[in-house]
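In: Next input, structure requested:
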Amino acid sequence: GAWAGQLVVPVDGSAVRLRADDQAGLAGDSDWIAVLPRFALTLSIPSPVMEGDQTNSIGSVSREGIAAQDTQIILTSSSPEQIEVPAQVVIPAGQTNGTFLVKSYDDKLLDGSQWITITASAAQLTDAVEVVEQTDRETASIFLVLPSDLTEGQPGLAGALQVSRPPDRDVRVQWASDFP
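Out: Numbering: from 1, shown residues only. Prediction:
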């Protein structure tokens, strides 16, 4: 019989054999074959990016190895309403990198920093992933209100956290003391 399809071999090398085994007593080995390395993409995007800032936000994608033909790179954003990248960028033949504009949108919400995943992919190349922090443009003041009199060793200290403007989603707040 014959088999047709794509095969992924997780190693590079010049002395590799493939074994087919139907688990019913029929097995066979291929001739020695060379497994060529799969080149990788690399993605570089400025981070953090201020929400709504569309000036000088240039990303770049590069590839290992030089191709004789243009390389079409597909770009995706996990949250295009927050950070947008073009659907594709071309690395010209004979080159190893291409650049693209990164657009950051302001959602007008007090929702803290967001982390957006940008992915670059292309046929015959290993994907690249970059996580970009988008810093919130909207701000608020946070106040910690504690009792004015404290006694050392007093159990169950009660206080309150107040904000000058309510956030539009849950925002994680972390406090630290220099006298733990």
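In: shouldn't residue 90 be in contact with residue 71?
Out: Yes. Taking C-beta atoms under 8 Å as the contact criterion, residue 90 and residue 71 are neighbours in contact, 6.9 Å apart. The way it works is simple: take the backbone N, C-alpha and C, and place the C-beta from them, glycine included.
In: ok, the two, which is more surrounded?
Out: residue 71 (23 against 13; other C-beta atoms under 10 Å).
In: so how far is residue 97 from that one?
Out: Taking C-beta to C-beta, to the nearest Å as the measure, residue 71 falls 10 Å from residue 97.
In: now do residue 112
Out: Distance of residue 112 to residue 97, given as C-beta to C-beta: 33 Å.
In: Next up, the contacts around the closest residue to residue 169 other than its chain neighbours.
Out: Of all residues beyond its chain neighbours, the one nearest residue 169 is residue 111 (4.6 Å), with distances taken as C-beta to C-beta, 6 or more residues apart in numbering. Contact criterion C-beta atoms under 8 Å, 6 or more residues apart in numbering gives 136, 138, 167-169, 171 as the residues in contact with residue 111.
In: among those, which ones are buried?
Out: Among the contacts of residue 111, those classed as buried by 16 or more other C-beta atoms under 10 Å are 136, 138.
In: how far out from the middle of the chain is the helix or strand containing residue 28?
Out: Secondary structure assigned from DSSP states H and E places residue 28 in strand 27-29. On the basis of C-alpha atoms, centre = their mean, to the nearest Å, strand 27-29 is displaced by 42 Å from the centre of the chain it belongs to.
In: And the contacts of it?
Out: Residues contacting strand 27-29 (C-beta under 8 Å, 6+ apart): 17-21.
In: ok, now with 7 Å
Out: 17, 19-21 (C-beta atoms under 7 Å, 6 or more residues apart in numbering).
In: what about burial for the residues you listed, which qualify?
Out: The neighbour-count test (16+ other C-beta under 10 Å) marks none of the contacts of strand 27-29 as buried.
In: re the thing from before, list just the nearest of the contacts of residue 111 to residue 157.
Out: Proximity of the contacts of residue 111 to residue 157 (C-beta to C-beta) peaks at residue 171, which lies at 22.9 Å.
In: Correct me if wrong: the closest one contacts residue 114.
Out: No. Using C-beta atoms under 7 Å, residue 171 is not in contact with residue 114; the gap is 11.2 Å.
In: and the residue lying closest to residue 38 once chain neighbours are set aside, what is it in contact with?
Out: Counting by C-beta to C-beta, 6+ apart, residue 126 is the residue found nearest to residue 38 once chain neighbours are left out, at 5.6 Å. For residue 126, the set of contacting residues under the criterion of C-beta under 7 Å, 6+ apart consists of 38, 40-41.
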